[in-house]
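Asks: no sequence for this one, just the structure:
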């Protein structure tokens with residue numbers, strides 16, 4: 001039996017953090033202006049969808065109230 005130096009393998013958590021950091025370095029991050037612009041678009045779309053869904057809820061609620069009573 002030879003006396004070999006054991007190479008310690010990193011555990012799963014250390015490997016996960018190392019790989020995650022490596023992947024995050026590859027990401028093409030948006031500029032501040034792009035991030036603000038995209039955030040505004042998301043907020044506007046959310047408001048529009050809330051209005052549409054609220055309107056549909058009101059219409060269907062009124063319809064079923066009328067239908068059941």
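Replies: Nice, thanks for sending it over. Quantities reported herein were computed from a predicted structural model and do not represent experimental measurements.
Asks: okay, CA-based contacts and neighbour counts for the rest of this
Replies: Noted.
Asks: What are the boundaries of the helices in the chain?
Replies: 12-26, 32-68 (DSSP state H).
Asks: distance of the spatially most central residue of the chain from residue 57?
Replies: Residue closest to the average C-alpha location in the chain (C-alpha atoms, centre = their mean): residue 42, at 12.6 Å. Applying C-alpha to C-alpha, to the nearest Å, the value for residue 42 to residue 57 is 22 Å.
Asks: What of residue 20?
Replies: Distance of residue 20 to residue 57, computed by C-alpha to C-alpha: 43 Å.
Asks: Using neighbour counts, pick out the buried residues of the lowest-mean-pLDDT helix or strand in the chain.
Replies: Every helix and strand in the chain was compared by mean pLDDT, DSSP states H and E; the lowest is helix 12-26, with a mean of 93. The neighbour-count check on helix 12-26 (16 or more other C-alpha atoms under 10 Å) flags nothing as buried.
Asks: helices or strands up against that helix?
Replies: Packing partners of helix 12-26 (3 or more C-alpha pairs under 8 Å, 6 or more residues apart in numbering; DSSP states H and E): none among the helices and strands.
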